[in-house]
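Engineer: Curious how this folds, go ahead:
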Amino acid sequence: MSLDLTDYRKALGTFPTGVAVITTNDPSGRAVGLTCNSFSSVSLTPPLVLWSLRTESKLLSIFRGAGKFAINVLREDQHDISTNFSRSHDKRLDDLEIIAGELPAVRDCVARFKCDTVSEYLEGDHVIFVGRVIAFDYLEASDSLVFYRGAYKAIAESIDRKAFGAKDFDEARRHIYTLLAQIASARASKADLEALEQAIEEISSLERLGRMRERAYRALEFFHLIARAAHSPVLSTMVKTIEDISKDVVTERAKHMKWEEMRNPDLQDIRVGIVRAIAAGDESQVTQKMNDYFRHSPMLLWQDKACEARRADRQAATGAPRS
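Structural biologist: The predicted structure follows:
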């Protein structure tokens, strides 16, 4: 019996997992890393753990030859680090602490396990690495990042999404992101502004390459970078729910529309204007540009279109006349 791989991934996604970055050094001593949610404990005595890596991964030969690795369990506000290390192009190592002769480590993560590889097994399209833990440390007061149903979650998240409508969500989304952008206009660092500018460039680049699905999700990450530029830990934690719901809405919309159809050509110029206003510290201009953005890109419209498409699909399937 053949499995529907799309549905199979969804079924696997019903099991929440932690998120870790696995790191090691290549033969030249350069740090490498990748995002992984297959980390698991195997044994307490001896202390053994495992994780798996796709056979197609460009890093497979490096991990096989290294003979050791570190598992860095990410904190719930480190989903940007997870995203960085999940990309197929050159991994971003700015978040790593690199000490000569030691395994590279993610700064301020929940837990770190330094391991010697004791065995590896080829099963299906993955290689399973088993490691013996030789050292570890952890932060007892911090919560871990969780991946569930295709999105990052905060363990403390408790909002019932069915309890509010799309219009309420639109209003909250506009207000909180505008507030964060206003705060960012007074607090954003040079690095924050460079990250925002890079995100805008990547959105355009992905569009030119025709990688519209990645472009859509990168556009959502633009607002995560605004939240980070505000340097407000409380607000950044609160906005995680909005980020998760936004991604869910875009994913739902993609079931009924082509990724190309989601593109709004006006938004890229508005993003540029938002960053310029933040860089200039002009709060009134920031507010105007943010209002322009949400006037052109309401989540309510997205959800209504998705609902309309689902209704049309049901009517077509049952032969009922369309209203």
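Engineer: Surely residue 46 and residue 132 touch.
Structural biologist: Yes - applying Cβ atoms under 8 Å as the test, residue 46 and residue 132 come out as touching, 6.0 Å apart. Quick note: C-beta positions are derived from backbone N, CA and C, even for glycine.
Engineer: Those two: which is more packed in?
Structural biologist: residue 132 (17 against 9; other Cβ atoms under 10 Å).
Engineer: who's the more buried one bridged to?
Structural biologist: Beta bridges link residue 132 to residue 48, residue 116 when assigned by DSSP bridges.
Engineer: how about the strands in the stretch 101-250 of the chain?
Structural biologist: In the stretch 101-250 of the chain, the segments counted as strands under DSSP state E, counting those that start in this stretch are 105-106, 111-123, 126-138, 145-148, 151-154.
Engineer: Over the third one, what's the mean pLDDT, rounded is fine.
Structural biologist: Which is strand 126-138. For strand 126-138, mean pLDDT is 93.
Engineer: Can you point out the buried residues in it?
Structural biologist: 126, 127, 128, 129, 130, 131, 132, 133 (16 or more other Cβ atoms under 10 Å).
Engineer: Same check on stretch 112-119?
Structural biologist: Those would be 112, 113, 114, 115, 117, for stretch 112-119 by 16+ other Cβ under 10 Å.
Engineer: Same list (these) but as JSON lines, adding distance to residue 290.
Structural biologist: Shown next, in JSON lines, are these (distance: Cβ to Cβ, whole Å):
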{"residue": "112", "distance to residue 290": "39"}
{"residue": "113", "distance to residue 290": "42"}
{"residue": "114", "distance to residue 290": "44"}
{"residue": "115", "distance to residue 290": "46"}
{"residue": "117", "distance to residue 290": "49"}
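Engineer: quick check, nearest of the residues you listed to residue 211?
Structural biologist: residue 112 (33.5 Å; Cβ to Cβ).
Engineer: Contacts only, for that closest one.
Structural biologist: 70, 71, 72, 73, 105, 106, 136, 137, 138 (Cβ atoms under 8 Å, 6 or more residues apart in numbering).
Engineer: what would those look like in a markdown table with distance to residue 234?
Structural biologist: Listed next are the contacts of residue 112 as a markdown table, based on distance: Cβ to Cβ, whole Å:
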| residue | distance to residue 234 |
| --- | --- |
| 70 | 31 |
| 71 | 29 |
| 72 | 25 |
| 73 | 23 |
| 105 | 27 |
| 106 | 23 |
| 136 | 30 |
| 137 | 27 |
| 138 | 24 |
